[in-house]
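Chemist: Sequence plus predicted model, see below.
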Amino acid sequence: MDDWIVWLLLLASGAIAGALNVVAGGGSFLTLPILIFLGLPPGVANGTNRVGILLQNTSAVWGFRRHGLIEKRWLIAAAVPTMFGAIAGTLLALRVTDEAFKRVLAFLMIAVTLWTLWDPIRPDARRSASPAAGKTALLATGFFAAGVYAGFVQAGVGFFLLAITTLAGYDLVRGNAMKVFCVLVSTPLSLAIFAANGQVAWSHGLWLGFGNFLGGLLGVHLTVLKGHRWIRGVVTITVIVMAVKLWLD
């Protein structure tokens, strides 16, 4: 395959995945198989994907901050357990073989699809933008578990983080802002560990990342412009598309 076709494919898939990740989640279920299809070993694809995730969430956090949607009062309580979880998950990912990772990825694609079809994200419009009273320890545990998942595979973590932020009392617009912030602060740790172990293909990652960066900006625009109900629809459509893809594959 010619280099320009590879770069174009990475750029386009990164843009689509970036917008999807910011609005809902599951974008890495597109980019990880593409990276593997382009010849990267699954473990390297997993590490390389973090370059795109980092750039995507950099643009997304910047965009949400411009709209005043980053809630400073609870950032540390959410970000710290996510960061520690990401370190644990990344170290775990480095211990599995490529074949085992592919099997785990296939299982997670099915599990996340079924989990989101169950529709665990039901925000109550009467909730405030404050953390849910009496649930601090539970939420911290949830963010740590989401961090472990993100460090291990990343794909689909947005759905879990949206469920946690909903439990905390955020609607889907502010929950998305919190979600991308948590991913932004945890991704550099995972990327550094993968890179130190030679699990990052930087040329692929940078082209993918440029697409993710543009997609992240688009995702913020769509989230703020369209609002909660539209995001709920996108989450539902995303789940259906993922399920159909899994069935056809």
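Modeler: Yep, that arrived. Values in this document were obtained by computation on a predicted structure and should not be read as measured data. Numbering: from 1, shown residues only.
Chemist: which parts of stretch 67-75 are buried?
Modeler: 69-71, 74 (16 or more other C-beta atoms under 10 Å). No exception for glycine: its C-beta is placed from N, CA and C like everyone else's.
Chemist: What of stretch 153-168?
Modeler: Buried, per 16+ other C-beta under 10 Å, within stretch 153-168: 153-168.
Chemist: Stretch 92-103 now?
Modeler: Per 16+ other C-beta under 10 Å, stretch 92-103 contains these buried residues: 93-94, 96, 101-102.
Chemist: Past the helix-or-strand element of the chain with minimal mean pLDDT, which element shows up next along the chain?
Modeler: Of all helical and strand segments in the chain, the minimum by mean pLDDT, DSSP states H and E falls on helix 98-117, at a mean of 68. Per DSSP states H and E, the first helix or strand lying C-terminal to helix 98-117 is helix 136-152.
Chemist: what's downstream of that following helix, the next helix or strand?
Modeler: As assigned by DSSP H and E, the chain's next helix or strand after helix 136-152 is helix 157-168.
Chemist: same for that following helix, what does it pack against?
Modeler: Secondary-structure packing of helix 157-168 (3 or more C-beta pairs under 8 Å, 6 or more residues apart in numbering; DSSP states H and E): helix 98-117, helix 136-152, helix 172-196.
Chemist: of all those, which lies closest to D3?
Modeler: Closest to D3 of the helices and strands packed on helix 157-168, according to C-beta to C-beta: helix 172-196, at 22.4 Å.
Chemist: could you give me the average pLDDT of the closest one?
Modeler: Mean pLDDT, computed over helix 172-196, is 89.
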